[in-house]
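Q: Dropping the sequence and predicted coords here.
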Amino acid sequence: QVQLVDAGGGLVQAGGSLRLSCVASGRTSSNYAMAWFRQAPGKEREFVATISGSGVTTAYADSVKGRFTISRDNAKNTGYLQMNSLKPEDTAMYYCAVLLWPNAFPARNPDLYVYWGQGTQVTVSS
């Protein structure tokens with residue numbers, strides 16, 4: 001079992017920044033890739049970014065590339081999502097997730113992720 005607690009969301013004006021965090025506990029491993037997804041009301045959960053277990057390799061959705069940066073600190077069992085130049089369309093509930101199968105990385109399909117955080121709300125005002 002892996003428990004994930006994500007935090008750091010809030011209300012910010014367009015153009016502003018937020019940093020989300022995701023703390024893992026339980027059967028944590030640096031072999032597990034980590035990802036961030038988001039879900040707006042009435043929409044499906046969508047991939048945002050993912051990072052390999054080592055932290056060397058990352059992948060992003062086109063909509064956030066160049067604005068968001070995913071990172072991790074394995075010593076702290078924590079992942080991060082730095083979000084800059086936020087836009088109103090970034091408004092959503094953001095969830096971190098852990099991928100148990102290294103060979104599936106980079107995985108953009110949320111169905112491949114078993115463990116999820118509870119979500120943290122990001123609201124960007126125009």
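A: Done, it's in. Numbers count the residues shown, from 1 in each chain.
Q: Do you know the pLDDT at the most centrally placed residue in the chain?
A: Residue closest to the mean C-alpha point of the chain, counted by Cα atoms, centre = their mean, is residue 36 at 2.0 Å. pLDDT recorded at residue 36 is 98.
Q: Repeat that for residue 121.
A: In this model, residue 121 is scored at 98, pLDDT.
Q: swap in residue 102?
A: On the pLDDT scale, residue 102 is placed at 83.
Q: Run through this structure and note the low-pLDDT ranges.
A: The model of the chain has no residue with pLDDT under 70.
Q: mind listing the strands for it?
A: Under the criterion DSSP state E, strands of the chain are mapped to 2-7, 10-13, 18-26, 33-39, 46-51, 58-60, 68-73, 78-83, 92-99, 115-116, 120-125.
Q: of all these, which lies closest to residue 105?
A: strand 33-39 (4.5 Å; Cβ to Cβ). From N, CA and C alone the C-beta is placed, and that goes for glycine too.
Q: That closest one pairs with which strands?
A: The pairing partners recorded for strand 33-39 under DSSP bridges are strand 46-51 (antiparallel), strand 92-99 (antiparallel).
Q: I'd like those laid out as CSV, including mean neighbour count and distance to residue 78.
A: What follows is those, written out as CSV (neighbours: other Cβ atoms under 10 Å; distance: least, Cβ to Cβ, whole Å):
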stretch, mean neighbour count, distance to residue 78
strand 46-51, 22, 12
strand 92-99, 23, 10
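Q: among the ones you listed, which is nearest residue 73?
A: Taking Cβ to Cβ, strand 46-51 is the member of the strands paired with strand 33-39 nearest to residue 73, at 11.0 Å.
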